[in-house]
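Student: Quick one, structure for this:
(one chain, ligands or ions: 1)
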Amino acid sequence: MDARPLVTDAEFSLSEATTDAEREAHAARQRWRLPVPKYLVDVYTWAYVAPYVRRIFDHQWVPAVILWFQDQALMRRALDEITPGDRVYMPASVYGTFCVDMAKKTAPGPVTISDISTIQLYSLRKKRRAFGLKNLFVRRANAADPIKGPYDVAISFLLLHEVPEDYKAAIVNGLLDQVDEGGKAVFVDYHKMKWWQPLWPVMAFVAWTLEPFTFSLWKNEIADYASPDRRAKFTWTKSTSFGGLYQHVVAVRKQP
Ligand SMILES: C[S@@+](CC[C@H](N)C(=O)[O-])C[C@H]1O[C@@H](n2cnc3c(N)ncnc32)[C@H](O)[C@@H]1O
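Tutor: Below is the predicted model:
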């Protein structure tokens with residue numbers, strides 16, 4: 001038995017941590033104090049932070065409508081990247097059934113889903129209990145500083161278009177760092193539409209009024225947010241769907 005006295009958080013500093021378990025316990029305590037990023041409060045309180053959002057938005061019809069009924073196709077493609085038994089990570093929650101389906105598809109492998117919004121974490125925990133998802137681990141973290149892996153699959157699902165540029169780079173690089181050899185990072189997000197996509201004006205209006213961080217994904221490749229050394233360690237493939245509105249990018253870590 002460890003005879004050292006228990007220390008309270010106030011007495012404890014990371015430099016005193018001597019074991020991995022102590023370091024992880026300390027990191028977990030620090031994560032619960034993490035503030036919600038300013039951009040999330042300023043731009044997305046109505047969607048992800050306010051206490052009422054769960055009742056209004058956490059139903060599968062919400063992503064269905066927002067995604068022009070492409071939700072099932074986008075989610076299925078993302079889930080197709082997972083093999084049962086994988087270690088999977090997603091750095092932000094998603095409304096509806098996606099997190100539940102992900103845990104079911106991955107079982108018996110562990111799925112870690114983190115988020116920074118307290119109400120989203122509460123919703124996730126309710127789903128975990130309701131569906132008895134013993135392999136689902138819910139953690140509080142800023143996506144820019146993801147929960148440490150390694151993982152076989154790390155999935156960013158419609159997150160990058162909701163975050164400012166410095167966050168995009170931090171999330172892409174942070175996720176790549178957590179992918180194990182032979183594993184992959186999957187990014188599903190918005191993309192520049194083909195000129196003939198009839199939803200062009202509607203989506204431009206939505207981005208302009210509600211989702212101002214989307215436009216840069218119309219100009220930049222997701223791979224370009226990775227630092228050159230990280231980018232080179234992965235094999236990148238990209239495909240688009242629904243008239244170019246959505247992209248599905250997979251980065252597979254090369255064997256050394
Ligand atoms: C993945 S995104 C969008 C998903 C999709 N629109 C849906 O239907 O849910 C939404 C989630 O990202 C979370 N989020 C946004 N910025 C974050 C950050 N920096 N760190 C962690 N979670 C973040 C929000 O709290 C929210 O739960």
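
Student: Nearest residue to the residue nearest in space to the middle of the chain in space, ignoring adjacent ones along the chain?
Tutor: By Cα atoms, centre = their mean, the chain has its centre lying nearest to residue 91, at 3.0 Å. Leaving out its chain neighbours, the residue that sits closest to residue 91 by Cβ to Cβ, 6 or more residues apart in numbering is residue 143, at 3.8 Å. Heads up, the C-betas are built off the backbone N, CA and C, glycines and all.

Student: In contact with the one you found, which residues are there?
Tutor: Applying Cβ atoms under 8 Å, 6 or more residues apart in numbering to residue 143 gives the contacts 91-92, 114, 116, 156, 159, 163, 167, 170-171, 174.

Student: Can you say which of those are buried?
Tutor: 91-92, 114, 116, 156, 159, 163, 167, 170-171, 174 (16 or more other Cβ atoms under 10 Å).

Student: overlap between these and the residues near the ligand?
Tutor: By Cβ under 6 Å from any ligand atom, the members of those lying near the ligand are 92, 116, 159, 163, 167.

Student: Can you lay out the residues you listed as TSV showing distance to residue 184?
Tutor: Converted to TSV, those look like this (distance: Cβ to Cβ, whole Å):
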residue	distance to residue 184
92	18
116	24
159	16
163	21
167	21
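
Student: Can you tell me which of the residues you listed end up in helices?
Tutor: Using DSSP state H, the members of these that fall within helices are residue 167.

Student: tell me which element the residue nearest to residue 91 is part of?
Tutor: Using DSSP states H and E, residue 143 sits within no helix or strand.

Student: One more: residue 94?
Tutor: Following DSSP H and E, one finds residue 94 outside all helices and strands.

Student: for the stretch 101-250 of the chain, what spans make up the helices?
Tutor: With helices called from DSSP state H, counting those that start in this stretch, the stretch 101-250 of the chain shows them at 118-130, 165-178, 200-209, 215-219, 228-232.

Student: Columns mean pLDDT on top of those, output as TSV?
Tutor: TSV is the format used below for the helices of the stretch 101-250 of the chain (pLDDT from 0 to 100):
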stretch	mean pLDDT
helix 118-130	94
helix 165-178	97
helix 200-209	91
helix 215-219	95
helix 228-232	97
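
Student: Please identify the one among the ones next to the ligand among the buried ones among the contacts of residue 143 that lies nearest to residue 122.
Tutor: For these, the minimum distance to residue 122 (Cβ to Cβ) is 12.7 Å, reached by residue 116.

Student: so who does that closest one touch?
Tutor: Residue 116 neighbours (Cβ under 8 Å, 6+ apart): 34, 36-37, 40, 92, 140-143.

Student: again, 7 Å this time
Tutor: Shown in contact with residue 116 (Cβ atoms under 7 Å, 6 or more residues apart in numbering): 34, 36-37, 40, 140-142.

Student: Would you mind listing what in the chain touches the ligand?
Tutor: Applying Cβ under 6 Å from any ligand atom, one finds that the chain approaches the ligand through 37, 40, 48, 62-63, 92-95, 115-117, 120, 142-144, 157-159, 162-163, 167.

Student: Return the members of those classed as buried.
Tutor: Here, 16+ other Cβ under 10 Å leaves 37, 40, 48, 62-63, 92-95, 115-117, 120, 142-144, 157-159, 162-163, 167 buried among the residues of the chain next to the ligand.

Student: rewinding a little: now, of the helices of the stretch 101-250 of the chain, which is deepest in the fold?
Tutor: Compared across these, helix 165-178 shows the largest average neighbour count, a mean of 20 (mean count of other Cβ atoms under 10 Å).
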